[in-house]
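[1] got a predicted model here, sequence first, then my questions.
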Amino acid sequence: MTSHSNASKALRRAGFILMADLLHHSPSFFKPPQNSTIFAIGDSANRNISHPLWFLKTLLLYHTTTYNPFSFHDLLKMSQGTCLTTLLRHKNISFTKVDRARNSVEINNVTLLKTLVPDEHLEIDGILDFVTGMVVNGV
């Protein structure tokens, strides 16, 4: 199984610095369950933002699913409109676009990039931006 340290290093090498730092501080900050997928947010989306730690943890919960560790290839097999439950209570993410011919997947209208950390227990896939639809205390 991929350790958080190895996953953090892989994210850092791929340019996902904020997500690498957040994962590096787990499990005290965030411990993803086994058999989960994290949709790591690209640093370009995190530019010039400053949020409290509780908000970043909530963001991680909303960007993590627990059915299976899904690789990008697995996600291409999903049907448009399929919903996955996230770790954030009562919040799902939805496949808004699946185009197998163009190797393109969108979740809540956000483009998936690729699998960054492949593992049988914790898959980390990159996305361009924050998954829309999360409202926490008006933020």
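    Everything's here; your move. Numbers count the residues shown, from 1 in each chain.

[2] pLDDT weak spots in the chain?
    1-4, 25-29, 45-51, 132-139 (pLDDT under 70).

[3] can you map out the strands along it?
    36-41, 64-65, 83-85, 92-99, 104-107, 110-117, 122-127 (DSSP state E).

[4] just put the ones you listed in TSV and tack on distance to Ala7.
    C-beta coordinates here come from the backbone N, C-alpha and C atoms, glycine included. Below are the strands of the chain laid out as TSV (distance: least, CB to CB, whole Å):
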stretch	distance to Ala7
strand 36-41	9
strand 64-65	13
strand 83-85	20
strand 92-99	20
strand 104-107	20
strand 110-117	5
strand 122-127	6
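
[5] excluding residues flanking it in the chain, which one is nearest the most centrally placed residue in the chain?
    Centroid-nearest residue in the chain, with CA atoms, centre = their mean: Phe39, separated by 1.2 Å. In this structure, Phe39 finds its nearest non-sequential neighbour in His63, 4.4 Å apart by CB to CB, 6 or more residues apart in numbering.

[6] need phi/psi at that neighbour.
    Backbone torsions of His63, given as degrees, to the nearest 10, read phi -100, psi 20.

[7] measure it to Ala101 for me?
    His63 sits 27 Å away from Ala101, going by CB to CB, to the nearest Å.

[8] more neighbours: which of the two?
    His63 (25 against 5; other CB atoms under 10 Å).

[9] pretty sure that one is touching Ile38, no?
    Yes - counting by CB atoms under 8 Å, His63 touches Ile38, with 6.1 Å between them.

[10] in the protein, which spans are helices?
    For the chain, the helices defined by DSSP state H occupy 4-13, 17-24, 43-46, 53-62, 72-76.

[11] tell me which of these approaches Phe30 most closely.
    helix 53-62 (5.0 Å; CB to CB).

[12] now the farthest one out in this structure, which residue is it?
    Ala101 (23.3 Å).

[13] residues in contact with that residue?
    Residues in contact with Ala101 (CB atoms under 8 Å, 6 or more residues apart in numbering): none are found.

[14] please apply the same query to the one 3 residues further on.
    If you count contacts by CB under 8 Å, 6+ apart, Ser104 has them with 97-98, 111.

[15] understood, closing this out.
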